[in-house]
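Engineer: next comes the sequence, and after it the predicted model I'd like to discuss.
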Amino acid sequence: MLLNRDTAEGIANGSITLVLRRWDAPRAKAGGTQRTVAGTIRVDDVAEYPGGYRVTAAQARAAGYPSAAAAQRELDRRPARHTYAIAVSYLAPDERPELAAEDDLSADDVRAITARLDRWDAATEPWTRRYLELVAANDAVRAPDLAARLGLDVPRFKRRVRQLKSLGLTISLDVGYRLSPRGRAYLRMTAAGR
């Protein structure tokens, strides 16, 4: 479920407690969490309605719209088989920026990061170190350009970079990515062991 900055911040400050979506199949489930630019949110409940469902004024207000008509106009832009009213709440701040800034890694930190990267590599193909080195050498280069260098589709490339970001190793920029201080420290410490 993609959330824009205004919606994510509204959830974080409590002014938005509902997200309205039109999908052919559910993409959120109760109990799930999602990281956003404003922190981690929790999906508290998911109510499914027919695609032609008309939202109520209360639902529109809870979703941050000034009126039911405004919410309905937005929903009607995306016809789908179902309308979903997703109850959400703020769970916690995003820990990744603080994690990414940490460049004083212990041997245990390096082992833990290495173990996670090794698991990801074993599940698909060896890619994690290649991505880290690519990002390190190509600061602020557009994701489509980096994906093309690897011969990958952009969505898969971005998913993998988000995995690295979840460990605090990369930082997303307005355009492209940058290796975080944690990522640079990890590469520096593991290069000595190769």
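Structural biologist: Sure thing, it's come through. Numbering: from 1, shown residues only.

Engineer: show me what the helix or strand of the chain with the lowest mean pLDDT is packed up against.
Structural biologist: Using mean pLDDT, DSSP states H and E, helix 96-101 stands out as the lowest-scoring helix or strand of the chain, at a mean of 77. In terms of contacts (3 or more CB pairs under 8 Å, 6 or more residues apart in numbering; DSSP states H and E), helix 96-101 is packed against helix 154-166, helix 181-191. Backbone N, C-alpha and C define where each C-beta goes, glycine included.

Engineer: mind checking the SS state of the residue nearest to the spatial centre of the chain?
Structural biologist: Nearest to the mean C-alpha position of the chain, counting by CA atoms, centre = their mean, stands Arg35 at 5.3 Å. At Arg35, secondary structure determined by DSSP: H, G, I helix; E, B strand; the rest coil is strand.

Engineer: and the pLDDT at it?
Structural biologist: As predicted, Arg35 sits at a pLDDT of 83.

Engineer: kindly report the same for Asn4.
Structural biologist: pLDDT at Asn4 comes out at 89.

Engineer: need the phi and psi values for it.
Structural biologist: Asn4 adopts backbone torsions of phi -80, psi 170, taken as degrees, to the nearest 10.

Engineer: for Ile11, see how far away it is.
Structural biologist: 11 Å (CB to CB, to the nearest Å).

Engineer: so if I had to pick from these two, which one is more boxed in?
Structural biologist: Ile11 (26 against 10; other CB atoms under 10 Å).

Engineer: list the buried residues in the helix or strand where Ala70 lies.
Structural biologist: Under the criterion of DSSP states H and E, Ala70 resides in helix 68-76. By neighbour count on 16 or more other CB atoms under 10 Å, the buried set for helix 68-76 is Ala68, Ala71, Gln72, Glu74, Leu75.

Engineer: again, but for stretch 81-93
Structural biologist: Counting neighbours by 16+ other CB under 10 Å, one finds that the buried residues in stretch 81-93 are His82, Thr83, Tyr84, Ala85, Ile86, Ala87, Val88, Tyr90.

Engineer: surely the third one meets Glu48?
Structural biologist: Same thing as Tyr84. Yes. Look at Tyr84 against Glu48 with CB atoms under 8 Å: they come within range, at 5.8 Å.

Engineer: how about CSV for the helices and strands packed on helix 96-101, with mean pLDDT, distance to Ala107 and mean neighbour count added?
Structural biologist: Shown next, in CSV, are the helices and strands packed on helix 96-101 (pLDDT from 0 to 100; distance: least, CB to CB, whole Å; neighbours: other CB atoms under 10 Å):
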stretch, mean pLDDT, distance to Ala107, mean neighbour count
helix 154-166, 92, 21, 16
helix 181-191, 93, 9, 18
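
Engineer: mind putting those in a markdown table, distance to Val175 included?
Structural biologist: Formatted as a markdown table, those follow (distance: least, CB to CB, whole Å):
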| stretch | distance to Val175 |
| --- | --- |
| helix 154-166 | 13 |
| helix 181-191 | 18 |
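
Engineer: no more questions from me, cheers.
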